[in-house]
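Enquirer: next come a sequence and a model predicted from it.
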Amino acid sequence: MRAYKFRIYPSKKQEKEMQKHLWVSKELWNEMLSFTKEIYNNYRKFPTKRTLRELVKDSGLFSQVGQELVDRLVDALHRKIEMKKKGEKGGFPRFKSLDRMKSLHYPQYECGFWLDKKLKITPFGEIAIKKHREITGRIKTLTLKRESSGRWFAIFCVETPEEIPIENKGEAVGIDLGLKTFATLSNGMRINNPRHFKKYEDRLAFIQRKFSRKKKGSTSRKRAKVRVAKLHEKISDCRRDFLHKISTQVVNDYSIIALEELATKEMSEENYGKQINDAGWNMFANMLAYKAEGAGCRVVFVDPRDTSKMCSRCGNMRDGLTLWNRVYDCPNCGLSTDRDLNSALNILIRATPGQGGSNASGNVAVATSMKEEAHVFQGGSMSLYKQ
């Protein structure tokens, strides 16, 4: 399965109708959630899916869109129950404002929507769509998504045909992700950190101050809110574009790509949260994983413990290293090298079967289908790298 994301351009009349359907979806969600809580408080059990579907009949939504809304709520309740059984923390489904209801889901092609030169959707009619690439495979579902800035997107979930695996004859490489340098490769190449958020930080702070001074509920506050959302989306688009170009080039150049299995959420909660989130390590790893199969390479995630403390030549451990120590000096074998390069070499060693400390067995990430839009980078080999 693969997802394709395209920008759509509804007319003012169509956009007004689509907004109305989002509002109806929000009202139905809140009504179903209130009914669910009431039933549980009275009878200590949740209502059935069939009962909830009676609530969405004749609501004004396309029938399958309303049924999918019920499925969303039921799935959320099941996840909450499963997490509670496992002793994990998880919130109960919440009531939603219009800002939190952003999508309409059509679960069946040719039954509610059709795609040709334009996108035809029941009941909105034909909508202009920018198909910047052809869809390969059988379309299964459609999600209409509205961003906070007001942009609309159509996301198609597609069942792709099986392809003959491509043979990638590149070398193996270990990649150490960081903040000062986005990535250091075991062959000495470096990828600079563009720091997308920092480029727009002052501008964002300025328009957020203007937004905070607007009177609540006023038209000018709504306009200011859209300006803030547009700048956030611009930063996000820049980050995604950069990561797509880097990940595409890496999977084309190397046959085995080794990365640390980082707990980025926990790391960002401790220190340097803004910088870690801006770097997009998780997004980069996901892009590598789902692009790997098509490029004929493998992605391996290894244990990140002590990759910066261990000597890549002799395996000696050096304690007392801080983030400010950028050079790794081994007192045992005399190795003196860049700290990030030493980590990248250790990551490659752990990912290579037959090497000391290798844990590659069972940790090879075969490409998986992710709901991301892939932009193919056209350029010379290694042009994004810096020696």
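Expert: Noted; the coordinates are in hand.
Enquirer: shaky segments in this protein?
Expert: Where the chain drops to pLDDT under 70, the residues are 353-387.
Enquirer: can I assume V300 sits in a strand?
Expert: Yes: membership of V300 in a strand is supported by DSSP: H, G, I helix; E, B strand; the rest coil.
Enquirer: make residue 1 into 33 and carry on from there
Expert: Sure thing, new numbering starts at 33, so read that last one as V332.
Enquirer: grab the nearest non-local neighbour of it.
Expert: The shortest distance from V332 to any non-neighbouring residue, by C-beta to C-beta, 6 or more residues apart in numbering, is to A383 (4.1 Å). (Glycine included, C-beta is placed from N, CA and C.)
Enquirer: got it, and T216?
Expert: In space, T216 is closest to D372, 3.8 Å off (C-beta to C-beta, 6+ apart).
Enquirer: identify the residues contacting the nearest residue to S57 once chain neighbours are set aside.
Expert: In space, and not counting its chain neighbours, S57 is closest to M133: 5.3 Å by C-beta to C-beta, 6+ apart. Taking C-beta atoms under 8 Å, 6 or more residues apart in numbering as the criterion, M133 is in contact with L54, W55, S57, K58, W61.
Enquirer: buried among the residues you listed? Make that a ChimeraX selection.
Expert: The ChimeraX command for the buried members of these (criterion: 16 or more other C-beta atoms under 10 Å) is given here:
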select :54,57,58,61
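Enquirer: ok, longest helix in this protein?
Expert: Secondary structure assigned by DSSP state H gives helix 251-285 as the longest helix of the chain.
Enquirer: and stretch 301-320, how far out from the chain middle?
Expert: 11 Å (C-alpha atoms, centre = their mean, to the nearest Å).
Enquirer: what of stretch 284-295?
Expert: On C-alpha atoms, centre = their mean, the centre of stretch 284-295 falls 17 Å from that of its chain.
Enquirer: buried sites along that stretch?
Expert: Within stretch 284-295, the residues that count as buried by 16+ other C-beta under 10 Å are N284, D285, Y286, S287, I288, I289, A290, L291, E292.
Enquirer: what's the local residue count around E100?
Expert: Using other C-beta atoms under 10 Å, E100 has 21 neighbouring residues.
Enquirer: from K248, how far out is the residue nearest to V332?
Expert: From A383 over to K248 the distance is 53 Å, taken as C-beta to C-beta, to the nearest Å.
Enquirer: likewise L176?
Expert: Relative to K248, L176 is positioned 29 Å away (C-beta to C-beta).
Enquirer: which residue is nearest the middle of the chain?
Expert: Against the mean C-alpha coordinate of the chain, by C-alpha atoms, centre = their mean, the closest residue is M315 at 5.4 Å.
Enquirer: that one and L147, how far apart?
Expert: Going from M315 to L147 by C-beta to C-beta gives 27 Å.
Enquirer: picking up where we left off before, phi first, then psi, for the residue nearest to V332.
Expert: phi -90, psi -10 (degrees, to the nearest 10).
Enquirer: pretty sure it is touching S287, no?
Expert: No: counting by C-beta atoms under 8 Å, A383 stays clear of S287, with 11.8 Å between them.
Enquirer: need the overlap of contacts for the two.
Expert: With C-beta under 8 Å, 6+ apart, A383 and S287 have common neighbours A204.
Enquirer: follow-up on the earlier one: could the contacts of M133 go into TSV alongside secondary structure and distance to Y36?
Expert: Below are these laid out as TSV (DSSP: H, G, I helix; E, B strand; the rest coil; distance: C-beta to C-beta, whole Å):
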residue	secondary structure	distance to Y36
L54	helix	22
W55	helix	27
S57	helix	23
K58	helix	27
W61	helix	27
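Enquirer: nearest to H110, of the contacts of M133?
Expert: Nearest to H110, judged by C-beta to C-beta, of the contacts of M133 is W61 at 16.2 Å.
Enquirer: for that closest one, give me its contacts.
Expert: Residues near W61 by C-beta under 8 Å, 6+ apart: L101, R104, L105, F127, K128, M133.
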